[in-house]
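Trainee: Build me a model:
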Amino acid sequence: MTQIKIINIEPKYAAALEQLQIDCYPTLDDAERMKAAHFLSHCRVFPEGNFIALDGERVVGLGSGFFINFDFEHTDHTFIEVIAHGYFTNHDLNGDYYYGADISVHPDYRGHGIGGMLYEARKGVVKQYNKKGIVAGGALPGYVRYKGKLTIPEYVAKVVAGELFDSTLSFQLKNGFVVKGLLENYMNDSSHDNWGTLIVWANPLYRAE
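Mentor: Coordinates of the predicted model:
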C-alpha cells in the first residue's frame, strides 16, 4: 500500500466508485447501491463535500454526503429518499447539517485508518461551512451474528455500552457520533433486517449567526 491520498470526487473515478459499492456492500439491494451516473451527479451537485481515498490511482474508499435541513422532530426516513435515489439533488447549501450518505473502505484496505481520514475530511467541510454537525443513518453489519438472540434495540444498546463490537457502529462511536434513535426500514439490507441507527456528530466549532 502506497501513501493514501484523500481528494474531492472527480468524474474520472465514477466507474471505479460503482465497483467499490459492489465490493463494500454485497448484501445491500442493488437498487440502493450507487452507480457511475450517481457519482457524476455528486461531481456536479457538491464536489467539495464528497471525498475519495486513493492508493496511487486505485479508488479504495469513499466519504459522501450533502447539506440538508434535518427535522429532528420527525426523524423517520429511508436511505433512498433522503439521497434522492442516489443523485444527492436534495443538497441545500444553506442546510444546517451535512447528511452522511456513505463511508466505505475496500475490504482489502480496512484497518489502515482510511475510514478515519474520510471522517476527518467530512468534519472539515462541516467546520469550513459552519454547519451544526453531521447526521446519518448507519448500517449494523455485525447484527447478522445475533439474529434470533437479540432484537435490534438490544443489540445497539450493547454496542453503545461497549459490550459488543460492530464494525460500523463501534467505529462511528469512536469518531464522536452518538446514537439518537433507530430507523426501521431504513435500507434494504438483509444482514440487519433493514434497520439503521440515527447517528449525529456535533460540530464543536459551530457559531450561531
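Trainee: contacts, neighbours, all on C-alpha from now
Mentor: Noted.
Trainee: hang on, isn't Leu182 packed against Asn194?
Mentor: No. Between Leu182 and Asn194 there is no contact under Cα atoms under 8 Å: 10.9 Å.
Trainee: Now the element after the helix or strand of the chain with the lowest mean pLDDT, going C-ward?
Mentor: In the chain, the helix or strand scored least confidently by mean pLDDT, DSSP states H and E is helix 79-82, which has a mean of 92. Next along the chain after helix 79-82, taking DSSP states H and E as the criterion, comes strand 97-105.
Trainee: Compute the inter-axis angle for the next helix or strand after that next one and strand 97-105.
Mentor: Per DSSP H and E, the first helix or strand lying C-terminal to strand 97-105 is helix 114-128. Calculated by axes from the mean of the first three to the mean of the last three Cα atoms, to 10 degrees, helix 114-128 forms an angle of 160 degrees with strand 97-105.
Trainee: Who are the packing partners of helix 114-128?
Mentor: strand 4-8, strand 51-55, strand 58-68, strand 97-105, strand 133-138 (3 or more Cα pairs under 8 Å, 6 or more residues apart in numbering; DSSP states H and E).
Trainee: Compare those strands and report which one is nearest to Ala202.
Mentor: Nearest of the helices and strands packed on helix 114-128 to Ala202, taken as Cα to Cα: strand 133-138 at 4.4 Å.
Trainee: same question for the closest one, mean pLDDT?
Mentor: Averaged across strand 133-138, the pLDDT comes to 96.
Trainee: so what strands line up beside that strand?
Mentor: strand 97-105 (parallel), strand 196-202 (antiparallel) (DSSP bridges).
Trainee: out of the ones you listed, deepest packed?
Mentor: Neighbour counts (mean count of other Cα atoms under 10 Å) averaged over each of these peak at strand 97-105, with a mean of 24.
Trainee: List the buried residues for stretch 7-18?
Mentor: Counting neighbours by 16 or more other Cα atoms under 10 Å, one finds that the buried residues in stretch 7-18 are Ile7, Asn8, Ile9, Glu10, Pro11, Tyr13, Ala14, Leu17, Glu18.
Trainee: Turn these into JSON lines, including distance to Cys43.
Mentor: As requested, those are exported to JSON lines (distance: Cα to Cα, whole Å):
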{"residue": "Ile7", "distance to Cys43": "12"}
{"residue": "Asn8", "distance to Cys43": "9"}
{"residue": "Ile9", "distance to Cys43": "6"}
{"residue": "Glu10", "distance to Cys43": "6"}
{"residue": "Pro11", "distance to Cys43": "6"}
{"residue": "Tyr13", "distance to Cys43": "10"}
{"residue": "Ala14", "distance to Cys43": "9"}
{"residue": "Leu17", "distance to Cys43": "12"}
{"residue": "Glu18", "distance to Cys43": "14"}
